[in-house]
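Asker: mind looking at a prediction? Sequence and model below.
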Amino acid sequence: MRLFVAIEIDKAIRDRIEQTRQQLAGRMNLSKDAVKWVGSENTHLTLVFLGQVDDGRFTEVCRIIETAAGGHHPFDIEVSGLGTFGRPTRVVWAGTADCAELKALWADLQKAFVQAGWPQENREFSGHLTLCRIKNFAAGKELSKKVETMSSERFGCCRVDSVVLFESRLSPAGPSYHPVCRVQLK
């Protein structure tokens, strides 16, 4: 199973992000091969990417999430701002405002998975929702310019009351994400 731990984003924010995706895509003449847009149904905030996990470890993974996340209280996150990763640009994202509760949840999950044998994340947490992945230098350059003009976009606030373990199923049409375990925050 290919697994990751994430926060689901409410529909109103996903819809607003979809409008922004359409604005970005509509302003440019990009081929399907140059940019892979993430569908609204797949929009989420990844906390921990586990990768390929043996089916026999599924129960252990759920237990790790329950222990690390179950002690956290629900909180709100603000989704705002557009930005890019990479030079040349490889990813366009919507960000999350600085949130101590979100960082603490991420840190506890990271620590728990590292203690269970998963590799340590080598970078600081940067809460973001991926809008697209760019496979073409020219497209990245063009999208980067458009993102700069929309960098202060606001998408709304979202209540975080659970953490979800998703299975990512890859296909020629793109990935699909399926919730396989949900942990409610207390």
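Answerer: That came through fine.
Asker: so what's the residue nearest the centre of the chain closest to, chain neighbours aside?
Answerer: Residue closest to the average C-alpha location in the chain (C-alpha atoms, centre = their mean): Leu45, at 3.1 Å. Using C-beta to C-beta, 6 or more residues apart in numbering and skipping the chain neighbours, the partner closest in space to Leu45 is Ile7 (4.2 Å). C-betas here are computed from N, CA, C, even on glycine.
Asker: contacts for stretch 3-15 next, please.
Answerer: With C-beta atoms under 8 Å, 6 or more residues apart in numbering as the test, stretch 3-15 has contacts from 17, 40-41, 43-51, 53, 61, 65, 77, 79, 109, 129, 155-156, 158-160, 162-168, 179-180.
Asker: of those residues, buried ones?
Answerer: Among the contacts of stretch 3-15, the ones that count as buried by 16 or more other C-beta atoms under 10 Å are 17, 40, 43-45, 47-48, 50, 53, 61, 65, 77, 79, 109, 129, 155-156, 158, 160, 163-168.
Asker: in strands, which of the residues you listed appear?
Answerer: Counting by DSSP state E, the buried ones among the contacts of stretch 3-15 place 44-45, 47-48, 50, 77, 79, 129, 155-156, 158, 160, 163-168 in strands.
Asker: just the helices in the protein please.
Answerer: Along the chain, counting by DSSP state H, helices occupy 11-26, 58-69, 100-115, 137-149.
Asker: TSV for the ones you listed, including mean pLDDT?
Answerer: What follows is those, written out as TSV (pLDDT from 0 to 100):
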stretch	mean pLDDT
helix 11-26	91
helix 58-69	97
helix 100-115	97
helix 137-149	86
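Asker: pLDDT value on the closest residue to Asp54 other than its chain neighbours, please?
Answerer: Using C-beta to C-beta, 6+ apart and skipping the chain neighbours, the partner closest in space to Asp54 is Met1 (8.0 Å). pLDDT recorded at Met1 is 94.
Asker: what residues are up against Met1?
Answerer: Contacts of Met1 (C-beta under 8 Å, 6+ apart): 52-55, 58, 167, 180.
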